[in-house]
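Undergrad: I would like the atomic coordinates for the input below:
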Amino acid sequence: MKIFLFSVIYFLSVIFGAEAVNIIGFPRAQCSGSTVGRCINIAHNVCCVFPYGGIIATAAFFSLLHECTVGIWYYETDSRVCGIARETASGLLSYICITGGRAVAGGGAAWFDLSLCRTAGSRTAASEEELAGLLEGPSNCTSQQIATHYALSEDGKGAYVLTPTQEQLEELNTLPVAGTRAEEIEIMKRYNATYYDDVSLVPDIEDLDGLLVPDDY
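TA: Numbers count the residues shown, from 1 in each chain. From the prediction side, this is the model:
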């Protein structure tokens, strides 16, 4: 099924220029553990921001990187730029996880279209120099999107969902990193997160592709 969906998305991206990239944050390297946050159908040059306190991500998962695009996982991110790149991946790839090689909390993730030309049947990749320019210092993201965050209930059947405001994000950045599910739930309640008593009721749950699952600390 994944191969079929990937083929459809790729076909649409080439023929119609569709942009359908999901960026999902995970608490551990190799994108393991339960999903902690995501940006769905995020456009290129937009930074998907994760806090570096509270409920954090240390790895970023990209559902698809088109041909002539690059995905980047950044260190700490402020309100102006994505930050400094810690790992990259270039398309054509599907279901790719990048971590930066060590567990560093939070930051941002984005994808960039490096095509120099787009015609009906061809896309030409950018040069190595242009790619290097993306990785030397802060990114040139045009805007930001704060990731929607998740925490499972104690029994793993329900879920708390929160899309932090900018003020809440700044507060989260000052919190100690949650080390248990109970601590994650406490943070979610503190910010009046929406609670769903059945995980299947979480909006757009199908885009998580089974990645919101119980995870023991």
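
Undergrad: where along the protein do the strands fall?
TA: Counting by DSSP state E, the segments of the chain that form strands are 21-26, 37-42, 46-50, 59-65, 69-74, 85-90, 93-98, 107-113, 117-118, 123-124, 143-146, 148-152, 159-162, 194-196.

Undergrad: lowest average pLDDT across these?
TA: Among those, strand 117-118 carries the lowest mean pLDDT, a mean of 45.

Undergrad: just put the strands of the chain in TSV and tack on distance to V177.
TA: All C-beta spots, glycine's among them, are computed from the backbone N, C-alpha and C. Below are the strands of the chain laid out as TSV (distance: least, CB to CB, whole Å):
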stretch	distance to V177
strand 21-26	13
strand 37-42	14
strand 46-50	12
strand 59-65	14
strand 69-74	18
strand 85-90	17
strand 93-98	20
strand 107-113	13
strand 117-118	42
strand 123-124	40
strand 143-146	18
strand 148-152	13
strand 159-162	16
strand 194-196	22
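
Undergrad: and these: which comes nearest T180?
TA: strand 148-152 (10.6 Å; CB to CB).

Undergrad: next, the angle from the closest one to strand 46-50.
TA: 30 degrees (axes from the mean of the first three to the mean of the last three CA atoms, to 10 degrees).

Undergrad: T165 and V49, how far apart?
TA: Computed as CB to CB, to the nearest Å, the T165 to V49 distance reads 12 Å.

Undergrad: tally of neighbours for G158?
TA: Residues near G158, counting by other CB atoms under 10 Å, number 17.

Undergrad: quick check, G107 in contact with A85.
TA: No. Using CB atoms under 8 Å, G107 is not in contact with A85; the gap is 9.7 Å.
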